[in-house]
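Enquirer: 3D model of this:
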Amino acid sequence: MKIIPIRIISLFLGILILVFLFSYNVSALTISPPRLEFSANPGEKIEDVIKVFNETKDTLVLFTSTADFTAKADESGQPQFLVPGEKENDLASWISIDGSIVILPSEQKITPFTVRVP
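Expert: Model prediction:
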């Protein structure tokens, strides 16, 4: 009969340890939408926004940049970033976005950007 209380106590302690192990602070930054697709003709300008949500408890200062990339040949899905101006179609140079974004804890910022098709 003493075995049952020991098993119950062991189970309780095991659950308590798991709760402490997995209750660490989770930080996240959400960008929406995750993907954008546009169609445009030469000379057109597209204006749109992305939403950036700071799910952390800290103020974040983010610095934006654009870069051309292609998929790696190994089919891993990882991007292979290209040297700016290296390719004939330097698409990153078509995009304008503010250089930095300051987002307070639990704040959402709407960040405008422009695509100018040459």
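Enquirer: How much space separates the closest residue to residue 100 other than its chain neighbours from residue 101?
Expert: Distances taken as Cβ to Cβ, 6 or more residues apart in numbering place residue 63 nearest to residue 100, at 5.1 Å, with adjacent residues excluded. Every C-beta, even on glycine, is put in place using the N, C-alpha and C of the backbone. Residue 63 sits 8 Å away from residue 101, going by Cβ to Cβ, to the nearest Å.
Enquirer: Show me which of the two is the more surrounded one.
Expert: residue 101 (16 against 8; other Cβ atoms under 10 Å).
Enquirer: quick one: what helix or strand has the more buried one in it?
Expert: Residue 101 is part of strand 100-103, with elements assigned from DSSP states H and E.
Enquirer: residue boundaries of the strands in the chain?
Expert: 29-32, 45-54, 60-63, 69-71, 79-81, 95-97, 100-103, 108-116 (DSSP state E).
Enquirer: Looking at strand pairing, list the partners for residue 70.
Expert: For residue 70, the beta-bridge partners are residue 80 (DSSP bridges).
Enquirer: before we move on, back to that, buried stuff in the strand holding residue 101?
Expert: For strand 100-103, burial by neighbour count (16 or more other Cβ atoms under 10 Å) applies to 101, 103.
Enquirer: a markdown table for the strands of the chain, including distance to residue 38 and mean pLDDT?
Expert: Shown next, in a markdown table, are the strands of the chain (distance: least, Cβ to Cβ, whole Å; pLDDT from 0 to 100):
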| stretch | distance to residue 38 | mean pLDDT |
| --- | --- | --- |
| strand 29-32 | 16 | 87 |
| strand 45-54 | 5 | 91 |
| strand 60-63 | 23 | 88 |
| strand 69-71 | 17 | 78 |
| strand 79-81 | 19 | 81 |
| strand 95-97 | 11 | 88 |
| strand 100-103 | 22 | 90 |
| strand 108-116 | 6 | 91 |
